[in-house]
Structures are given as C-alpha cells and as structure tokens.
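**Student:** fold the following.
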Amino acid sequence: MVLTVDIGNTRIKGAVFERYTLIEFLVFEVEMLQKKIETILKKFPNLKYLVVSSVGNVEKELFLAFESKLKVHFVSHKDAFPFINKYATPTTLGIDRMVLAAGATLQFPGQNRLVIDAGTCVTYDCIDANDHYLGGAISPGIRLRYQSLHNYTARLPLLTRCEPAFFIGNSTVDSIHSGVVNGLAYEIDGFIDEFKAKYSKFIIILTGGDADFLAMRLKNTIFANSNFLLESLNQTFQYTINND
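**Tutor:** You can find the predicted model right below:
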C-alpha cells in the first residue's frame, strides 16, 4: 500500500492506494501533518511507502520521522518519468507539473494531452502523442485574482469565490465575480481551442481544487478529476520503482 502526499501552496492533500485503487482521501493543514500520518498508519498497518510531491515549504524532516515505519520517497527531477522532457529549462519545471504530465502519459497512451490544474495558480501542460512534454503556461488562479483586485486597488473589496449570476455585473461585487470567474473560464476555453486547432486525437484533463467549480462553466468537453494529481503521484511512483 502507498500513501501519497501532495504539498501545495495552500494545503496538503493525501491519498491511500492499494496498487491503483484509491482507498482513502484526506486534506489537512501543515500543522496537522504528523498526526494525520500517524492516524493513517494505525488505520492501514500494511502501508509500505510514503510518496511526497512538494511545491510548498514543508520541511523534509517531518516526513523522515516516519522512516522507521515506511519507506519515504520524495519525487524529484532525478526520478524516471514516462515522457521525454522538451522544456527549455527542465530543472525549473515544477514537480507537480511533471507528476501530472506523467499521469496523463500513463493513463492516456497514444493521445495528445492537455492537463489543466486549477489551484492557487492555473497551469497548462502539453504532452504530445509521442510522449514529448512540450511545456505550457502558468496564470493566477481564482483566489489570486480576487486577492490581486483587492490588494492592488484602493477601493475594491476582497471577495471569495462565487457563481456569477450573469456575465454582465450590475454592481461592483457582481462585476468582480464575473470578471474573475468568467474571465478564467474564457481563458481556459481559449487555451483548449488553441490546443484543439493544433492537435487531433486529444484529451483535455481538468484537475485541482477549483476543477469542479470551473468544469460547469466551460464550453469544451473535458475530463474533470479533482484527484488526478494524487492518482498521478501513485502512478508515477509505480513507474519509477519499475524503471529505476
């Protein structure tokens, strides 16, 4: 059994897998990390591996404290990945993006893939049918867009995510919601349209904390899976231990 842990910019997510089957999902704050892992170990005594992917600032020592009970593996650029990395600066490519690309490559062979991760940032990652990672794009996520409007203006209020009533806002609050939510939806649809115009036999994968919220607003057909990163983390690890 494998416990996968993804350390993002705002929270930690984890999942327990029996081979490729997700058994349990958990979300928690950094200060709860050790207690959560201890609870999972008691509940699943057959756990063998702890696999960590991190773009956050959690100290490795917090995970290494469990080395006596689990084999701890930190996903890194040195691992084996199922794609050829064509990024101009491969060592700067985020581990989370590499894991998502690996999951897309392994789950959807022989297709062109566009993976969209809608979290703190929105990342776009393109992997062609020949398993070449081509690159993508990074833009602010929903929460960052709300925060920037408040932080860099004198009078605009700080709002939280809300479904816009209409695309034409008839108040400042409604206008902000429309601009943030509809603006991001239009952006995502635009990237998808560009990708579709260039590639045939493709799949569009939408994941991340805002995936379900955004999926209903997109005009394009997508495969939405908010747990795709954790599933990809498990698949990437299975691939790594079989190809080292």
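
**Student:** for the residue lying closest to S200 once chain neighbours are set aside, give the beta-bridge partners.
**Tutor:** Spatial nearest neighbour of S200, chain neighbours left out: N112 (7.3 Å); criterion: C-beta to C-beta, 6 or more residues apart in numbering. Glycine gets a C-beta too; all of them are placed from N, C-alpha and C. With DSSP bridges applied, the residues forming beta bridges to N112 are F202.

**Student:** surely N112 meets Y199?
**Tutor:** Yes: contact criterion C-beta atoms under 8 Å: N112 and Y199 qualify, at 3.9 Å.

**Student:** next, the buried residues of the lowest-mean-pLDDT helix or strand in the chain.
**Tutor:** Each helix and strand of the chain was given a mean pLDDT (mean pLDDT, DSSP states H and E); the minimum falls on helix 61-64 at a mean of 84. Within helix 61-64, the residues that count as buried by 16 or more other C-beta atoms under 10 Å are F63.

**Student:** before we move on, back to that, residues bridging contact with N112 and Y199, i.e. touching both?
**Tutor:** By the contact definition C-beta atoms under 8 Å, 6 or more residues apart in numbering, N112 and Y199 are jointly contacted by D128, A129.

**Student:** more neighbours: which of these two?
**Tutor:** Between N112 and Y199, counting by other C-beta atoms under 10 Å, N112 is the more crowded of the two (21 against 15).

**Student:** what does the least confident helix or strand of the chain rub up against?
**Tutor:** V5, L33, Q34, I37, L50, V52, V72, F74.

**Student:** so which of those residues is the most crowded?
**Tutor:** V5 (25 neighbours).

**Student:** sheet-wise, list the partners of the helix or strand hosting that one with their directions.
**Tutor:** For V5, the host element (DSSP states H and E) is strand 2-7. Applying DSSP bridges to the sheet, strand 2-7 is found paired with strand 12-18 (antiparallel), strand 49-54 (parallel).

**Student:** closest to K86 out of those?
**Tutor:** Closest approach to K86 among the strands paired with strand 2-7 (C-beta to C-beta): strand 49-54, 21.2 Å.

**Student:** and the closest residue to L70 other than its chain neighbours, what does it touch?
**Tutor:** The spatially closest residue to L70, leaving aside those adjacent along the chain, is L50, at 4.4 Å (C-beta to C-beta, 6+ apart). By C-beta under 8 Å, 6+ apart, L50 lies in contact with V2, L3, V5, I37, F63, F66, L70, K71, V72, H73.

**Student:** name the nearest of those relative to V180.
**Tutor:** Proximity of the contacts of L50 to V180 (C-beta to C-beta) peaks at V5, which lies at 29.8 Å.

**Student:** my read is that the closest one contacts F17, right?
**Tutor:** No: between V5 and F17 there is no contact under C-beta under 8 Å: 11.7 Å.

**Student:** please state the backbone phi and psi of the residue lying farthest from the centre of the chain?
**Tutor:** Distance from the C-alpha centroid of the chain, by C-alpha atoms, centre = their mean, peaks at N170 (34.0 Å). In terms of degrees, to the nearest 10, the main-chain angles of N170 are phi -100, psi 20.
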